[in-house]
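Engineer: quick one: sequence plus predicted model below, questions after.
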Amino acid sequence: MIEVRNLTKKYGDHIAVDHLSFKVDEGQVYGFLGPNGAGKSTTMNIMTGYLAATEGDVIINGYNILEEPEKAKRTIGYLPEIPPLYPDMTVREYLTFAAELKKVPRKEVKLAVVHAMQELSIMDVADRLIRHLSKGYKQRVGFAQAIIGDPETLILDEPTVGLDPKQIIEIRELIKSLGRRHTVILSSHILAEVSEICDTVLIMSRGRLVALDSPENLARKSAGATVTITSPATADEMRPVLEGLEHVTGVDFTDDGEGTVTAHVTFDGEGDPRKDIITALTAGGCSYYSVDVQRASLEDIFLELTDSEDEEYDDTDDEMTEDAESQDRSNSVKTQAGMVSDEKEPESSESDSAADTEQSETQEEADSGEEAE
Amino acid sequence: MRAIYKKEIKSYATSMSGPIAVAVMLLVVGYMFRYYNLSYGTASLVYTVFNSNLIFYIVVPVLTMRTFTDERRQKTDQLLLTAPVSLIDIVLGKYFALITVFAVPILVMCILPLILIPLGGGEMMGTAYLSILVFFAMGCAYLSCGMFISSLTDNLIISAIGGILFVFATMIIHNAYSMVSASNFASLIFFIVLAVLLGILVYVMTKFYWASLGVILVCALAAFAAFMVSPDWFGGKSEKILSIFDFFSHFESFAYGSFSIPDLLYFVSVSVAGVVLTIARIQKRRWS
């Protein structure tokens, strides 16, 4: 168990972490979310004993990291933002060094190294110099270093950065399976990743904790949905039909220029509003080509909670869009829209790859729509 | 500590720095040996060892520039500092590895007195080995200071140049005594300059403008007051302070045949100071 009490870190006048307090239970996966400069990495660096705190305490599995650092560090595996690798070592040498450094009993070192390499599937590069490895491999070697010696708690700073889509899936599976035996705390920019792997999400903004809950609860709290309808009918025909529906808070039309109109309808109620819409459209004599729903996602909540007057938010937004795009290309990851509609439509999630393609298209449309605005 | 020591030794052996440092030392020592002992036929090894001190200009930067600079540059300090190893173990592991590499050519040097036996070196065997011991102690002091310099920066070139400048300063500082007048007033000026330097150091460490100004004022006023009370106390004090960094004189004394324990202790204490400063420096970085 990890307890962070009143943690504060100041760099001169700048407050990086501002009286942060939270508790982390055993055997769960926790996700740190937050824009750049929110203090995620700083918090992780303090929790692992790399940095000292200006104020506050961190208790790791019963040991205070500031008072009994060696005992506390023994129970942590840490993968920093930039994997701490020695380029002149081979992977095996490096992991052996890491195992010895973590005081793995001498007889078990060899086995621990092989085990870590197998977990991360890097056996094939075991005797290559780290300097010659690609970024994805380096990241995995760094990850292997963190899990060596089987620590109770794993702290991972952006563990999937630099990996290819296949590796991302593997790493996520690994994190999930590690989460059953260990406490895992990870940070990420990729919201889909956090909502997929994590049991609990901690959202940080400017050094403070702004939310701590399960992804589902967070999504529920910020209820509401947007429905996108593409229809050959005109805006004037559709408007009375749509505005007459319950829970509708706004209707907005854009002319696609190809004889179709796209309507964006916002709802504030729970549940799937598509059925009502389709019934109403049919009753009103309007035909339609597609009706898509997009529930309020973690992304919306994230923006809502971290949205502030400072510019940091803009950077993050760009980055997140990039991340989302890179994953759309891979078809590997359920995007925000995908994640939620999966829950609503079990039948579509069964045919995975097809559903993913569809959903990513939806997402891309949504993205381009955002950009147009 | 063992893991770090092993890793460091391995990295010196597989990278260029270890072999280069050892080769340069053997080359210079070998040349001096040929010149003073074999050509001139001197049976005393002292001249050879004494004149070999210029190896430090190369050995110190080559061996020490990477110790902590590279860890910081590659962010591998995060691995070391988050591992269940104390900071003292990390610094000592690295320091002992440095000494081990340095000890390799020293061991080779230990063969030299045996070669000189036919020349009548048997009688001078004791002084020869003592001179090697002082030479080794001086090397340890240099490596410790070089390690500290490497913990100050994450730029390899600055770290290397810092090492060279340090060796240079400690070798020539005994010449600077004559430049600083031994008069009472000159010493006062010297103390005030020291106060300003201390103030600048405080500013660099804390970025707190008023603190550094306060330190300068308090120290300068204290020096001035002391000067008013007893001017004679100041005479020659500047020389004493400069002599803290005077490696050369401590090294030189044995060349005149006087091996003194205080000189050896001087090098030991400088080594300890370097290690302690390195630990303090890394600890400080965690807090800033």
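Structural biologist: Done, it's in. Please read these numbers as outputs of a predicted model, since none were measured by experiment. Numbers count the residues shown, from 1 in each chain, chains lettered A, B, ... in the order given.

Engineer: please make it C-alpha for all contacts and neighbour counts, starting now.
Structural biologist: OK.

Engineer: now the closest residue to chain B within the stretch 201-350 of chain A. Nearest residue, chain neighbours left out?
Structural biologist: For the stretch 201-350 of chain A, the residue positioned closest to chain B under C-alpha to the nearest C-alpha is residue A:207, at a distance of 16.9 Å. Once flanking residues are discounted, residue A:207 sits nearest to residue A:17: 3.9 Å by C-alpha to C-alpha, 6 or more residues apart in numbering or on different chains.

Engineer: residues contacting residue 95?
Structural biologist: Just so you know, I chose chain A. Residues counted as contacts of residue A:95 (C-alpha atoms under 8 Å, 6 or more residues apart in numbering or on different chains) are A:113, A:141, A:144-145, A:148.

Engineer: correction: the question concerned chain B.
Structural biologist: Taking C-alpha under 8 Å, 6+ apart as the criterion, residue B:95 is in contact with B:143-144, B:147, B:275.

Engineer: what's the answer for residue B:70, then?
Structural biologist: For residue B:70, the residues meeting the contact criterion (C-alpha under 8 Å, 6+ apart) are B:154, B:156.

Engineer: wasn't it part of a helix?
Structural biologist: Yes - note on residue B:70: a helix contains this position according to DSSP: H, G, I helix; E, B strand; the rest coil.

Engineer: ok so, going back, so how far is chain B from the residue nearest to residue A:207?
Structural biologist: For residue A:17, the distance to chain B under the criterion C-alpha to the nearest C-alpha, to the nearest Å works out to 14 Å.

Engineer: ok, that residue touching residue A:208?
Structural biologist: Yes - between residue A:17 and residue A:208 a contact is recorded at 6.5 Å, counting by C-alpha atoms under 8 Å.

Engineer: can you pull the residues that touch both of these two?
Structural biologist: Listed as contacting both residue A:17 and residue A:208 by C-alpha under 8 Å, 6+ apart are residue A:38.

Engineer: neighbour count winner among these two?
Structural biologist: When neighbours are counted by other C-alpha atoms under 10 Å in any protein chain shown, residue A:17 and residue A:208 differ, and residue A:17 comes out ahead with 28 against 20.

Engineer: next one: phi and psi at the more buried one?
Structural biologist: For residue A:17, the backbone dihedrals are phi -130, psi 130 (criterion: degrees, to the nearest 10).

Engineer: beta partners for it?
Structural biologist: Beta-bridge partners for residue A:17, by DSSP bridges, are residue A:9.

Engineer: contacts only, for it.
Structural biologist: With contacts defined as C-alpha under 8 Å, 6+ apart, residue A:17 is in contact with A:7-10, A:38-39, A:42-43, A:206-208.

Engineer: let me know the pLDDT of residue A:55.
Structural biologist: In this model, residue A:55 is scored at 88, pLDDT.

Engineer: from the contacts of residue A:17, pick the one nearest chain B.
Structural biologist: The nearest member of the contacts of residue A:17 to chain B, counting by C-alpha to the nearest C-alpha, is residue A:10 at 8.2 Å.

Engineer: ok, the closest one touching residue A:56?
Structural biologist: No - with contact defined as C-alpha under 8 Å, residue A:10 and residue A:56 do not form a contacting pair (11.8 Å).

Engineer: need the contacts of residue A:17 in a markdown table with secondary structure, can you?
Structural biologist: Putting these into a markdown table (three-state DSSP) gives the following:
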| residue | secondary structure |
| --- | --- |
| A:7 | strand |
| A:8 | strand |
| A:9 | strand |
| A:10 | strand |
| A:38 | coil |
| A:39 | coil |
| A:42 | helix |
| A:43 | helix |
| A:206 | coil |
| A:207 | coil |
| A:208 | strand |
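
Engineer: among those residues, name the buried ones.
Structural biologist: Burial by neighbour count, judged by 16 or more other C-alpha atoms under 10 Å in any protein chain shown, picks out A:7-9, A:38-39, A:42-43, A:206-208 from the contacts of residue A:17.

Engineer: of the residues you listed, which is the nearest to residue A:135?
Structural biologist: Nearest to residue A:135 among those: residue A:42, at 23.2 Å, using C-alpha to C-alpha.

Engineer: helices and strands around the helix or strand bottoming out on mean pLDDT in chain B, which ones?
Structural biologist: The weakest-scoring helix or strand in chain B, judged by mean pLDDT, DSSP states H and E, is helix B:237-242 (a mean of 74). Under the contact criterion of 3 or more C-alpha pairs under 8 Å, 6 or more residues apart in numbering or on different chains; DSSP states H and E, helix B:237-242 touches helix B:156-179, helix B:184-206.

Engineer: relative to chain A, which of those is closest?
Structural biologist: Using C-alpha to the nearest C-alpha as the criterion, the shortest distance between chain A and the helices and strands packed on helix B:237-242 is 9.3 Å, found for helix B:184-206.
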